[in-house]
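Visitor: sequence first, then the predicted structure, then my questions.
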Amino acid sequence: MNGKVYCITSMKGGVGKTEVSLNLAAAIKKKTGKSVVVVDFDIPYGGVSQALAVDKDVTLTDWIKTNRIITKELSRSLVIETKWGFDIIPGVSSVYDISEITSETIKRIIGQLREFYDFVVIDSGVDFSEITKTALLNADKIIIVTTPSNVSVWNNHQYKEDLLTLGVDPVKVNLFLNQVPKKKQMDINIEKVIEIYEKSGVPIRTVGIAYYDDSIRKYRNKRQMIYIQKRKSDFAKAIDEILEEFGVTIMYGQDHKEPLFGSLKRLFGVAR
Ligand SMILES: Nc1ncnc2c1ncn2[C@@H]1O[C@H](COP(=O)(O)OP(=O)(O)OP(=O)(O)O)[C@@H](O)[C@H]1O
Ligand SMILES: [Mg+2]
């Protein structure tokens, strides 16, 4: 198998990386039926197992420490299955495990996961550690999640430029604009954010836009997935847009969903 690796990242905490990662995994599973794993590379304090309230019976530490060749069969015992059909690998068990992680180890784990899964979703950290850099350099697609706040927009813009300097191919880098306030005034309006990322520096695409929606938080606190519970929600549609933009829907012959210009129109009556 040669699975696709999608890395969800941001220079800002709390913008929705874990929410996007989990719902994207649920969406891929639902739409394609293919195998999906979410791996928590947000080191040392990742949020994947916490978001789903699962015990960390196995974690990334087990993948780091194992010296044996990981067979498909062994890999089954090193992941946690979820009721949505995708598997997860929770973040490292202890902060002390970090010293054992090298970029070679991260490369090895990503390579192994590509073999075992059709899709690998990486929830990555808010840092520029070797681990995060290696994950980013080994991904097929990167999604930078930002909110329309001044700090988030501009720091993530700089982050994007830095990723390119690092050697990441700009066509792999995409933007997901999250937690857009419905009523409140935004620091920077939607069209302006898209323009900043499309026109200043090396251009990148916007693959999804989602409103701030309290029900996302509520579903999360109930350990549910908004993509599954509320298919017509704005967030679910934004996740569909990612699949559309990445060609996942087309690749597996699923029904056509609203592309990004549709979403802009849906949210703001803007046509591009
Ligand atoms: N569009 C949205 N509207 C409302 N709440 C949201 C939205 N997106 C995410 N959230 C909620 O915001 C909170 C933070 O999201 P999440 O944990 O995914 O962020 P994160 O970027 O992974 O944060 P961290 O840096 O702490 O890992 C969660 O409670 C999540 O359910
Ligand atoms: Mg998180």
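Guide: Perfect, I can see it now. Ligands and ions are numbered 1, 2, ... in the order given.

Visitor: beta partners for the residue nearest to I204 when sequence neighbours are not counted?
Guide: Residue nearest to I204 in three dimensions, not counting chain neighbours: V173, with 4.6 Å by Cβ to Cβ, 6 or more residues apart in numbering. Yep, even glycine has a C-beta here, placed from its N, CA and C like the rest. Under the criterion DSSP bridges, V173 forms beta bridges with I142.

Visitor: tell me who's in contact with V173.
Guide: I142, I144, K160, L163, L164, I204 (Cβ atoms under 8 Å, 6 or more residues apart in numbering).

Visitor: need phi/psi at the nearest residue to D97 once chain neighbours are set aside.
Guide: Nearest residue to D97, sequence neighbours excluded (Cβ to Cβ, 6+ apart): T61, at 4.7 Å. Phi and psi for T61, reported as degrees, to the nearest 10, are phi -60, psi -40.

Visitor: quick one: name the residues of this structure near ligand 1.
Guide: 10, 13-19, 42, 47, 126, 178-179, 210, 212-213, 216-217, 220, 235 (Cβ under 6 Å from any ligand atom).

Visitor: would you list every one of the helices in the protein?
Guide: 17-32, 48-52, 60-65, 72-76, 103-116, 130-137, 150-166, 190-199, 214-221, 226-229, 234-245, 248-251, 260-268 (DSSP state H).

Visitor: how about CSV for the ones you listed, with distance to G3, mean pLDDT and mean neighbour count added?
Guide: Shown next, in CSV, are the helices of the chain (distance: least, Cβ to Cβ, whole Å; pLDDT from 0 to 100; neighbours: other Cβ atoms under 10 Å):
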stretch, distance to G3, mean pLDDT, mean neighbour count
helix 17-32, 11, 97, 24
helix 48-52, 18, 96, 20
helix 60-65, 15, 93, 20
helix 72-76, 12, 95, 12
helix 103-116, 4, 95, 18
helix 130-137, 14, 92, 20
helix 150-166, 22, 94, 17
helix 190-199, 27, 92, 16
helix 214-221, 26, 97, 15
helix 226-229, 20, 98, 20
helix 234-245, 15, 97, 23
helix 248-251, 12, 84, 17
helix 260-268, 25, 64, 16
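
Visitor: would you mind confirming that S77 is in contact with V58?
Guide: Yes - if you go by Cβ atoms under 8 Å, S77 and V58 touch, sitting 7.2 Å apart.

Visitor: looking at the helices of the chain, which is closest to P90?
Guide: helix 48-52 (3.7 Å; Cβ to Cβ).

Visitor: for S93, find the nearest of the helices of the chain.
Guide: helix 60-65 (4.3 Å).

Visitor: can you list contacts of that closest one?
Guide: Residues outside helix 60-65 that contact it (Cβ under 8 Å, 6+ apart): 39-41, 43, 70, 78, 89-94, 97, 100-101, 105, 109, 112.

Visitor: which of those are buried?
Guide: Using 16 or more other Cβ atoms under 10 Å as the burial test, these include 39-41, 43, 70, 78, 89-93, 97, 101, 105, 109, 112 as buried.
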